[in-house]
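just a sequence and a predicted model for now, questions to come.
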Amino acid sequence: MPVIQEMGKYGHEQIVFIRDEKVGLRAIIAVHNTVLGPALGGTRFWNYATEEEALVDVLRLSRGMTLKSAAAGLKLGGAKAVVIGDPLKLKSREFFHVYGGYIDSLGGKYYTAEDMNISAEDIGMINEVTKYVSGTPAKSGNPSPFTARGVYMGIKAGASVKFGTDSLEGKTVAVQGLGNVGYALCEHLHKEGAKLKVCDIFNSAAVGKAVKELGAFAVKPEDLLATDCDIFAPCAMGAVFNSENIKNLKCKLIAGAANNVLLDTSVGDALDRLDVLYVPDYIINAGGVINCGIEIENPDWRYNVDEVNARIDGIYATTLKIIALAKEKRVSTSKAADEYAEGIVRAGRG
Ligand SMILES: NC(=O)c1ccc[n+]([C@@H]2O[C@H](COP(=O)([O-])OP(=O)(O)OC[C@H]3O[C@@H](n4cnc5c(N)ncnc54)[C@H](O)[C@@H]3O)[C@@H](O)[C@H]2O)c1
């Protein structure tokens, strides 16, 4: 892949390729944009089949972080890092120290945090050699409960537009993926009296727990998309919806945590035609980045969970703003979100 050409396509500033023979580290850090401030984005540890697959992932995810932080009102840019390999075989304190050294060498242009297969404890080890981290166990910690809170706010805002009330009592919500975010989201929804339909292809224990403790109904993976529900919350992986499978949807609202759930932008337009309201993923899954980001914006600030939650609850208003913009400009909500976030970055550039 012609890498510099690809950087131009997405508008990236810098890409760092890392290799350390001794600890078996292979990683890519993609700094997409630092116009609004230092670039924040988690490190994903994944056994990618090829380097090209890792590069494509990091380029897409880092651009998404720029848009997510901008839309969330953070004075931060966007970046992401991917570590290539088997986390179970490679993780060690020495491994994270070597990796942390590379982050440190960027001098604060890039801050890392948790992502798939990177825990708050791993971030703590990276923090032993560099200050350019967020989400350490001693401070903001695991972002997932905060992400779940923001998604819950986004669902309520979407419901207020689609159903004329933001109360989720009695509404049926299908949740795909009961991991860190999905399960915590189910707890919020259950507390408010929503009925849950859940599915997780790998974590049957979480499904069993949701059935037992939250009164959820377990749905087979192949039946989930077409299941009867008011709201569909994708909290597993990306590219869930394509122009064909959306014809089977029974829901009126899609709002969840997973990134890039629409296969491409045309799916956003097709959902509009089907009268299904799509609440853009990066607008409502910003709770975790808000939780980490406030710490970076204000280095002297003492971590205060109430302040963090108040900022996250602002996702409700941002969601309403995006839906209103889409209506006004007669574009899909995903296009409206991109235009909104890109406008903030452009204004920051001056
Ligand atoms: N954790 C965060 O703070 C955060 C922030 C922003 C976005 N996200 C995104 O939200 C999603 C969930 O994040 P997480 O931290 O809960 O991840 P996780 O790995 O803890 O959970 C994902 C769950 O989805 C399940 N799953 C995978 N494929 C599935 C499928 N086809 N059908 C049903 N279940 C499936 C997995 O078994 C797992 O239990 C991810 O896409 C992530 O990128 C997470």
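Thanks, I have it. Only a predicted model underlies this, so the values are computations on that prediction, with no experimental measurement involved.

what does this protein have sitting close to the ligand?
Residues of the chain lying close to the ligand by CB under 6 Å from any ligand atom are 116, 143-144, 147, 176-182, 199-203, 221, 235-237, 257-259, 285, 288. No exception for glycine: its C-beta is placed from N, CA and C like everyone else's.

name the SS class of the residue in the stretch 1-150 of the chain positioned nearest to the ligand, please.
Closest approach of the stretch 1-150 of the chain to the ligand (CB to the nearest ligand atom) occurs at Thr147, with a separation of 3.5 Å. In three-state terms, and counting by DSSP: H, G, I helix; E, B strand; the rest coil, Thr147 is helix.

drop anything exposed from the residues of the chain next to the ligand.
143-144, 147, 176-182, 199-200, 203, 235-236, 257-259, 285, 288 (16 or more other CB atoms under 10 Å).

low-confidence ranges, the protein, go.
Counting by pLDDT under 70, the chain contains low-confidence residues at 350.

can you give the domain ranges for it?
3-63+76-134, 145-284+317-345 (automatic domain parsing).

could these be laid out in TSV, adding distance to Val305?
Compiled in TSV, those are given as follows (distance: least, CB to CB, whole Å):
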stretch	distance to Val305
domain 3-63+76-134	15
domain 145-284+317-345	9
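
among those domains, which is nearest Ile294?
Across the domains of the chain, Ile294 has its closest neighbour in domain 3-63+76-134 (9.1 Å, CB to CB).

starting at the chain centroid, how far to that closest one?
16 Å (CA atoms, centre = their mean, to the nearest Å).

contacting residues around Val308?
By CB atoms under 8 Å, 6 or more residues apart in numbering, the contact list for Val308 reads 140, 146, 290-291, 294.

repeat that for 10 Å
By CB atoms under 10 Å, 6 or more residues apart in numbering, Val308 lies in contact with 140, 146, 149, 287, 290-295.

Gly150 now?
With contact taken as CB under 10 Å, 6+ apart, Gly150 is in contact with 72, 143, 181, 185, 257, 283-291, 309, 311-316, 318-319.

could you find the closest non-adjacent residue to it?
Gly287 (2.9 Å; CB to CB, 6 or more residues apart in numbering).

can I assume that neighbour is in contact with Gly154?
Yes. In terms of CB atoms under 10 Å, Gly287 counts as a neighbour of Gly154; the distance is 9.2 Å.

what's the helix or strand for His97?
helix 93-105 (DSSP states H and E).

and the helix or strand just after that helix, what does it pack against?
Where DSSP H and E defines the elements, the next helix or strand beyond helix 93-105 is strand 110-111. Where contact means 3 or more CB pairs under 10 Å, 6 or more residues apart in numbering; DSSP states H and E, strand 110-111 is packed against strand 25-33, strand 39-40, strand 77-84, helix 93-105, helix 287-297.

which elements pack onto the longest one?
Spelled out, that is helix 93-105. The contact analysis (3+ CB pairs under 10 Å, 6+ apart) places helix 93-105 against strand 14-20, strand 25-33, strand 43-46, strand 77-84, strand 110-111, helix 120-126.

for Lys252, find the nearest of those.
strand 77-84 (31.4 Å).

can you tell me the strand partners of that closest one and which way each runs?
Note on strand 77-84: by DSSP bridges, its sheet partners are strand 25-33 (antiparallel), strand 39-40 (parallel), strand 43-46 (parallel).

which one of those is the most hemmed in?
By mean neighbour count, with neighbours taken as mean count of other CB atoms under 10 Å, strand 39-40 ranks first of these at a mean of 30.

name the residues that touch that strand?
13-14, 29-33, 62, 65-66, 68-69, 74, 76-80, 106, 108-113, 132-135, 289, 292-293, 295-297.

what do you get if the cut-off is 7 Å, keeping everything else the same?
Residues outside strand 39-40 that contact it (CB atoms under 7 Å, 6 or more residues apart in numbering): 31-33, 65, 69, 76-79, 109-111, 113, 134, 289, 292-293, 296.

and if you look at stretch 288-307?
By CB under 7 Å, 6+ apart, the list of residues contacting stretch 288-307 from outside reads 38, 40, 68-69, 72, 74-76, 111, 113, 134-135, 139-140, 143-144, 146-147, 308, 311-312.

please repeat the previous calculation with a cut-off of 8 Å.
For stretch 288-307, the external contacting residues (CB under 8 Å, 6+ apart) are 37-38, 40, 65, 68-69, 72, 74-76, 111, 113-114, 134-135, 139-140, 143-144, 146-147, 150, 308, 311-312.

select only the buried ones of those in PyMOL?
Of those, the buried ones can be selected in PyMOL as follows, counting by 16+ other CB under 10 Å:
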select buried, resi 37+38+40+65+68+69+72+74+76+111+113+114+134+135+139+140+143+144+146+147+150+308+311+312
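
from the contacts of stretch 288-307, which land in helices?
Residues of the contacts of stretch 288-307 located in helices (DSSP state H): 65, 68-69, 144, 146-147, 150, 308, 311-312.

closest to Glu94 among those residues?
Once CB to CB is applied, the member of the ones in helices among the contacts of stretch 288-307 that ends up nearest Glu94 is Ser144, at 26.8 Å.

if I look at the residue nearest to the closest one when sequence neighbours are not counted, how far off is Ser204?
Nearest non-adjacent residue to Ser144, counting by CB to CB, 6+ apart: Asn180, 3.6 Å away. Distance, Asn180 to Ser204, by CB to CB, to the nearest Å: 16 Å.
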